[in-house]
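In: Next one to model:
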Amino acid sequence: MSVSDTHRTGWHRRRRWLTAGLAVVSSTAAVIVLGAGPALAVHDEAFQLDGDVSHLTTTNVGGVTQPFDWDSFFDSAGSPIQSSFPDASVPGFTASGFDRDFVVNANGSYNTSDSTTYTQGSKDILNISSGWVCTASNNVTNKGDIQNDYAVAYTDPNTHQQFLYFALERNSNSGDANVAFWFLQDPTANCSTANGTTAWTGNHEDGDILIVSAFTGGGAVSTINAYRWNGGANGSLGTTPVASGVDCRTTPSPPSDNACATANTQNITTPWLTNNNGKTTGLGHTLLPGEFFEGGINLTNTGLAGRCFNTFVGDTRSSQSLSATLFDFARGTLGECHSTTTTTPTPGAGSSTEIPAKAQVTTSDSATINGPQLLRQLPDRRRADQHEDADRRGQPGHRYIGPAHHHPHGGRQILLAGGLLGRQRERGTAVERSGQRDESIRVLHHHPEDPDPDHVLRNL
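Out: You can find the predicted model right below:
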């Protein structure tokens, strides 16, 4: 069972106003791409890519000090340190997410089962809901068993270039490893094995990112490539990398890589619980060489900025091939975007009076009928109102409360209400009671182009 700790916000916010009837809706979404500055390397920003999780091992790449690492964002439980973003303690960072992919038994021992593994030919080249299937397993290989994965999003405060950083921990360093990260825009992309083997929900969106890398048991990263999903659910994964790189420790001069990754070359300590060296012996806070992997990508330079990456999925795989067999996965929520909705009352057509905030307002072009009644057309109402009023006076099942008259926007209206009462003549569009509309009264609006404009209700 996977336990997720999430924290989210938008990178940049914009406000759109949509006016419909009485509502003005404002929506905020992190989809603004501000002007790009000079090309920046992925690891000469504010985040350390040095093969550990501690901010105390400060790095300096390209003449810039990187003060932040994974323990700047997650506490000993893997919960977010920042209650919201932006946060002055980590300037430029806009979102974070942590996913724990193992369970501890009640007696404190490590549970060897894994409820989040791929099955039935799941492939990265397939759409999510139609090509990915999850199942629970008790025999995930140690070197392919993910313990935790996490991600953060960052926007350079000066250049406004956008970056993603990601990491995972695996259970054993017994052999080389092939790993990948998906960054998905669909927040519904998920899979639960509570009821057995299950297909994933959600679909790809144009611009989803797959980042594939390989590293050795000793902690050396050979390559990292990023691929773009083109189109939506019926689209396909591009086969040409949009970004490539090598180990972040191999720093070009000046730094210019759009993607890089690295792994730990010595034992490292994590504030949060993890497991190493097999499923039964290593529960604690230590990772052996080659059990920790991290990387980053410059989204702006690769043409992938300005999207709402809400979901990240780390996985282990048989190779770096795009059609590789997929093993374990850990799915977390990054939550790049969120939205809020506010409603502001506005005056109706032809009115100059603002509607109070707590008013109950009903608009309709139909009649509310109490009891079985029939709507039928009558002869021209331009004859005397008194004649028609007399015909309807006192009839059961309805009340005729107003003669036909011209509507200010064209056509004519007849006011109708249910009940057994005599004629009541009343001009206007409704009856007010205690500041609220009487819901039993409706107005029939007739379009002026109707050849027979008169309508009335009569009892069946």
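
In: ok now do residue 248, which residues does it touch?
Out: Residue 248 sits next to 42-43, 49-50, 221, 257, 260-262, 295-296 when contact means CB atoms under 8 Å, 6 or more residues apart in numbering. Just so you know, the C-beta spots here come from the backbone N, C-alpha and C atoms, and that holds for glycine as well.

In: cool, and residue 299?
Out: 161-164, 305, 307.

In: of those residues, closest to residue 234?
Out: Closest approach between those and residue 234, by CB to CB: residue 307, at 18.8 Å.

In: ok, the closest one touching residue 336?
Out: Yes - Residue 307 is within contact range of residue 336, at 7.4 Å (criterion: CB atoms under 8 Å).

In: neighbour-wise, which of these two wins?
Out: A direct count of neighbours by other CB atoms under 10 Å for residue 307 and residue 336 places residue 336 higher, at 26 against 22.

In: State the pLDDT value of that one.
Out: Here, the pLDDT recorded for residue 336 equals 72.

In: what do you get for residue 245?
Out: On the pLDDT scale, residue 245 gets 91.

In: show me what contacts it?
Out: Residue 245 neighbours (CB under 8 Å, 6+ apart): 42, 223-224, 257-261.

In: shouldn't residue 239 be in contact with residue 228?
Out: No - taking contacts as CB under 8 Å, residue 239 lies outside contact range of residue 228: 10.0 Å.

In: For the two, work out which one has more neighbours and name it.
Out: Using other CB under 10 Å as the criterion, residue 239 and residue 228 rank with residue 228 on top: 20 against 9.

In: returning to that earlier point: can you add secondary structure, neighbour count and pLDDT and give the contacts of residue 248 back as TSV?
Out: As requested, these are arranged in TSV below (DSSP: H, G, I helix; E, B strand; the rest coil; neighbours: other CB atoms under 10 Å; pLDDT from 0 to 100):
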residue	secondary structure	neighbour count	pLDDT
42	coil	31	88
43	coil	29	81
49	coil	25	95
50	coil	19	93
221	strand	24	87
257	coil	24	85
260	strand	28	93
261	strand	30	94
262	strand	27	93
295	strand	28	96
296	strand	29	96
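
In: Now the two most distant members of those residues.
Out: 50 and 257 (14.7 Å).

In: Which residue ranges of the stretch 1-150 of the chain form strands?
Out: 3-7, 15-20, 23-28, 59-61, 64-66, 93-100, 103-104, 110-111, 114-119, 133-137, 146-155 (DSSP state E, counting those that start in this stretch).

In: Just give me the closest of the contacts of residue 299 to residue 91.
Out: When these are compared for distance to residue 91 (CB to CB), residue 163 wins out at 13.6 Å.

In: Tell me what residue 164 is bridged to.
Out: For residue 164, the beta-bridge partners under DSSP bridges are residue 153, residue 297.

In: So that it lines up with my notes, have the first residue be 87 from now on.
Out: Taking 87 as the first residue, the last one we looked at is residue 250.
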